[in-house]
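Novice: pasting a predicted model and its sequence here:
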Amino acid sequence: MKNKERIETILEYFNAESFRDDLIRWFKEEQRLLPWRENQDPYRVWVSEIMLQQTRVDTVIPYFNYFLEKFPNPQALADAEEQEVLKAWEGLGYYSRARNLQNAVREVVEEYGGVVPDNPEELGKLKGVGPYTKGAILSIAYDTPEPAVDGNVMRVLSRILHVEDDISKQSTRKLFEGLVGFLVSRHDPSSFNQGLMELGALICTPKTPSCMLCPVQNNCRAFEQGIETELPIKSSKKKQKKSPYLLLLVQNEKGEVLIEKRPESGLLASLWQYPMVPLEDIDKETAPHWFFGEYGLKIELGEPITDIRHVFSHLIWEMGVVRATVKDGELDHDRARFINPTDMSDLPFPVSHQKAHPYISQ
DNA sequence: TATCCGTGGTG
DNA sequence: TCACCAAGGAT
């Protein structure tokens, strides 16, 4: 297995014993007192892990307390109406978590006598229980040495072990599960897994980690090299923002078409384009008669021609192309002019070709 | 594999 | 102001 070789390479000169001991010692001394840490009740651990998915600890605490007051055990949650459960979840977000949790709890009540399974196979089949939650329940509630890899763990171990894999890729999580599988304490897997997450939450934070306070600083390769803020590698999949426009083909009495020059700096600097108006700036009351104030023209909108979509790395223009004719006024603008369409025969023409650029180089 | 699912905090 | 998140999972 290729992953196994990588794991062995990564851990070859790593002092796992020292790391484990320091981490667990620190966790036992410094861990926050949280409601779900009062005992090892698998049901409480389960509920807490679901609530904590993509959700801050401070946000979860009051919900957790209320939820367990209302549904103190699997039977109580199984017997409740779904609307009752959703009501208790109201404001937490990701409401499918609540529905899945209740469905899974009902399955536990019916299939396992109300006892949360203590093995990976049965646990992993439950709705809403993925690889992380499965490992968290097994290790925290049942002291089983299973990896529980979440965002904290990947960030912490990326730094500790100097792993440069992109943590936004799903395959990377498997690498870290393999690494934790070797590193996890057989003696106290609960404190080890929780310690990794607690370290990520309190010390090894995303932007400005408190390395001077870190209990495992001596075993951190990123700190040793001064690159802790460079890790983890995470390809920001920030989705392109969509910007809807109206692209106007404004014709004067000679049949010429209006084009404008973009600003000299910024996106597509100094390139010519057909006038584009953000859709949100258009007053639908005045359409189709429209005073094109910026250019000193009064125009009348014609029929829509087509839609053009232009994708940049960081944004998307979605342009509705509309024909328009000049009704009145004189062009008065230093960065706009009318051009004879036949002069543009060799230039990209956005109307006739969907994939062509909406702007004109010159 | 990429997207979607919610909300409130933050630099 | 606003992108980026914070103990993921389902599809």
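Specialist: Great, that's in hand.

Novice: now do stretch A:60-73: distance to the chain's middle.
Specialist: Distance of stretch A:60-73 from its chain centroid, counting by C-alpha atoms, centre = their mean, to the nearest Å, is 27 Å.

Novice: just so I have it, where are all the helices in chain A?
Specialist: Taking DSSP state H as the criterion, chain A contains helices spanning A:2-11, A:16-30, A:42-51, A:57-70, A:74-79, A:82-89, A:96-112, A:120-125, A:131-142, A:151-160, A:170-183, A:189-202, A:221-225.

Novice: TSV for these, including mean pLDDT and distance to DNA strand B?
Specialist: (C-beta placed from N, C-alpha, C; glycine too.) Formatted as TSV, the helices of chain A follow (pLDDT from 0 to 100; distance: least, C-beta to the nearest atom of the strand, whole Å):
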stretch	mean pLDDT	distance to DNA strand B
helix A:2-11	91	13
helix A:16-30	97	20
helix A:42-51	97	9
helix A:57-70	95	6
helix A:74-79	97	19
helix A:82-89	91	9
helix A:96-112	96	6
helix A:120-125	96	16
helix A:131-142	97	12
helix A:151-160	95	11
helix A:170-183	94	4
helix A:189-202	96	13
helix A:221-225	95	20
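
Novice: my guess is residue A:138 meets residue A:120, correct?
Specialist: Yes. Between residue A:138 and residue A:120 there is a contact at 6.5 Å, judged by C-beta atoms under 8 Å.

Novice: those two: who's more crowded?
Specialist: The neighbour comparison of residue A:138 against residue A:120 (other C-beta atoms under 10 Å) goes to residue A:138, with 27 against 15.

Novice: show me what contacts residue A:90?
Specialist: Going by C-beta atoms under 8 Å, 6 or more residues apart in numbering, residue A:90 touches no other residue.

Novice: care to break chain A down by domain?
Specialist: Domain ranges of chain A: A:2-230, A:241-360, per automatic domain parsing.

Novice: could you dump the helices of chain A into a markdown table and include distance to residue A:251?
Specialist: What follows is those, written out as a markdown table (distance: least, C-beta to C-beta, whole Å):
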| stretch | distance to residue A:251 |
| --- | --- |
| helix A:2-11 | 62 |
| helix A:16-30 | 72 |
| helix A:42-51 | 60 |
| helix A:57-70 | 57 |
| helix A:74-79 | 67 |
| helix A:82-89 | 56 |
| helix A:96-112 | 52 |
| helix A:120-125 | 65 |
| helix A:131-142 | 60 |
| helix A:151-160 | 55 |
| helix A:170-183 | 52 |
| helix A:189-202 | 61 |
| helix A:221-225 | 61 |
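
Novice: quick one: distance of stretch A:221-240 to the chain centre.
Specialist: Relative to its parent chain, stretch A:221-240 has a centroid offset of 16 Å by C-alpha atoms, centre = their mean.

Novice: quick one on the thing from earlier: intersection of neighbour lists for residue A:138 and residue A:120?
Specialist: Taking C-beta under 8 Å, 6+ apart as the criterion, residue A:138 and residue A:120 both touch residue A:146.

Novice: would you mind finding the most buried of the domains of chain A?
Specialist: Looking across those with neighbours counted as mean count of other C-beta atoms under 10 Å, the highest average goes to domain A:2-230: a mean of 17.

Novice: just how off-centre is it within its chain?
Specialist: 18 Å.

Novice: give me the contact status of it with DNA strand C.
Specialist: Yes. Domain A:2-230 lies within reach of DNA strand C by C-beta under 7 Å from any atom of the strand, at A:34, A:48-49, A:52-57, A:94, A:96, A:100, A:127-134, A:136, A:150-152, A:155, A:194, A:197-198, A:200-201, A:205-207.

Novice: for the stretch 151-300 of chain A, give me the ranges with low pLDDT.
Specialist: By pLDDT under 70, the weakly predicted segments of the stretch 151-300 of chain A are A:236-242, A:263-271, A:280-293.

Novice: at 50 instead, please
Specialist: A:285, A:288 (pLDDT under 50).

Novice: residue contacts, the residue of chain A at minimum distance from DNA strand B?
Specialist: Going by C-beta to the nearest atom of the strand, DNA strand B is nearest to residue A:93 of chain A, at 2.7 Å. Contacts for residue A:93 (C-beta under 8 Å, 6+ apart) come out as residue A:55.

Novice: angles on the backbone of it, please.
Specialist: Main-chain dihedrals, residue A:93, degrees, to the nearest 10: phi 90, psi 170.

Novice: output stretch A:208-220 as CSV - backbone C-alpha positions only.
Specialist: C-alpha atoms of stretch A:208-220 as CSV (Å, rounded to 0.1, in the frame of the first residue of the first chain):
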residue,chain,number,x,y,z
THR,A,208,-1.4,32.7,14.8
PRO,A,209,-0.5,29.6,16.7
SER,A,210,0.9,30.1,20.2
CYS,A,211,4.0,28.0,19.7
MET,A,212,5.7,29.4,22.8
LEU,A,213,3.0,27.8,24.9
CYS,A,214,2.9,24.5,23.0
PRO,A,215,3.4,21.3,25.0
VAL,A,216,4.8,19.5,22.0
GLN,A,217,7.0,22.3,20.6
ASN,A,218,10.1,20.1,20.9
ASN,A,219,8.5,17.6,18.5
CYS,A,220,7.2,20.0,15.9
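
Novice: now do the phi/psi pair for residue A:71.
Specialist: On the backbone of residue A:71 - angles per degrees, to the nearest 10 - the values are phi -130, psi 80.

Novice: contacting residues for the residue lying closest to it once chain neighbours are set aside?
Specialist: Nearest residue to residue A:71, sequence neighbours excluded (C-beta to C-beta, 6 or more residues apart in numbering): residue A:77, at 4.0 Å. Contact analysis of residue A:77 by C-beta under 8 Å, 6+ apart lists A:71, A:85, A:101-102, A:105-106.
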